[in-house]
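Engineer: structure here, sequence nowhere to be found:
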Ligand code: K1U
Ligand code: ZN
């Protein structure tokens, strides 16, 4: 693992905590690398960021699960998203060691959400056309209000 990736992982963890997020993909801070950080425990005041470098989904269950999702790149929009309930993934950890992981619950959802970012997909792309267009209208309105000061 080179120093540049380790610095990126640390910068991403700082950005995730500063934004009160539970995950972040490198592309969200303008870096086109296949790197994620996730920390689901921080709400309890502990910091334990996990790095996922070049993650890949090896298997996804047919069983689906619904969780409410938000996104730091789509502020103030939250909605239910249906995704595979369990996944098996492989990735490199921050030491550069290949790991495999079976995840369910919020970790499975968060990993899929972050991996979508690496492929240019946002959680609102999983919503119905109507819900997505309402979300885009809300975002456009919020941006206009922000620009007007
Ligand atoms: O990728 C991102 O935009 C981060 C996103 C991750 C995520 C959230 C919910 C479901 C799937 C993936 C967030 O962290 S949004 C913020 C958030 O979840 C949160 C913020 C404050 C308190 C509790 C949660
Ligand atoms: Zn997101």
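Structural biologist: Received the coordinates, thanks. Here the structure is a predicted model, which means the values were calculated and not measured. Numbers count the residues shown, from 1 in each chain. Ligands and ions are numbered 1, 2, ... in the order given.
Engineer: from here on, just use CA atoms for contacts and neighbour counts.
Structural biologist: OK.
Engineer: the helix or strand hosting residue 13 packs against which elements?
Structural biologist: According to DSSP states H and E, residue 13 maps onto helix 3-18. Helix 3-18 sits against strand 23-25, strand 35-38, with contacts defined as 3 or more CA pairs under 8 Å, 6 or more residues apart in numbering; DSSP states H and E.
Engineer: check which helices and strands the lengthiest strand in the chain sits against.
Structural biologist: For the chain, the longest strand by residue count, based on DSSP state E, is strand 50-60. Secondary-structure packing of strand 50-60 (3+ CA pairs under 8 Å, 6+ apart): strand 35-38, strand 86-92.
Engineer: avg pLDDT for the longest one?
Structural biologist: To tie it back to what came earlier, the one meant is strand 86-92. The average pLDDT within strand 86-92 is 98.
Engineer: contacts for the helix or strand just after that strand next, please.
Structural biologist: With elements assigned by DSSP H and E, the helix or strand that comes after strand 86-92 is strand 98-104. The contact list for strand 98-104, computed with CA atoms under 8 Å, 6 or more residues apart in numbering, reads 85, 86, 87, 88, 89, 90, 91, 92, 93.
Engineer: count of residues packed around the nearest residue to the fourth one once chain neighbours are set aside?
Structural biologist: So the one you mean is residue 88. Closest residue to residue 88 apart from its sequence neighbours, by CA to CA, 6 or more residues apart in numbering: residue 102 at 4.4 Å. Look at residue 102: counted by other CA atoms under 10 Å, it has 15 neighbours.
Engineer: how far away is residue 102 from residue 3?
Structural biologist: 28 Å (CA to CA, to the nearest Å).
Engineer: tell me the one of the contacts of strand 98-104 nearest residue 136?
Structural biologist: Nearest to residue 136 out of these is residue 85 (CA to CA; 26.8 Å).
Engineer: quick one, phi/psi of that closest one?
Structural biologist: With angles defined as degrees, to the nearest 10, residue 85 sits at phi -70, psi -30.
Engineer: wait, residue 50 sits on residue 42?
Structural biologist: No. Look at residue 50 against residue 42 with CA atoms under 8 Å: they stay out of range, at 11.4 Å.
Engineer: could you list the low-pLDDT ranges of this structure?
Structural biologist: Across the chain, the ranges flagged by pLDDT under 70 are 43-44.
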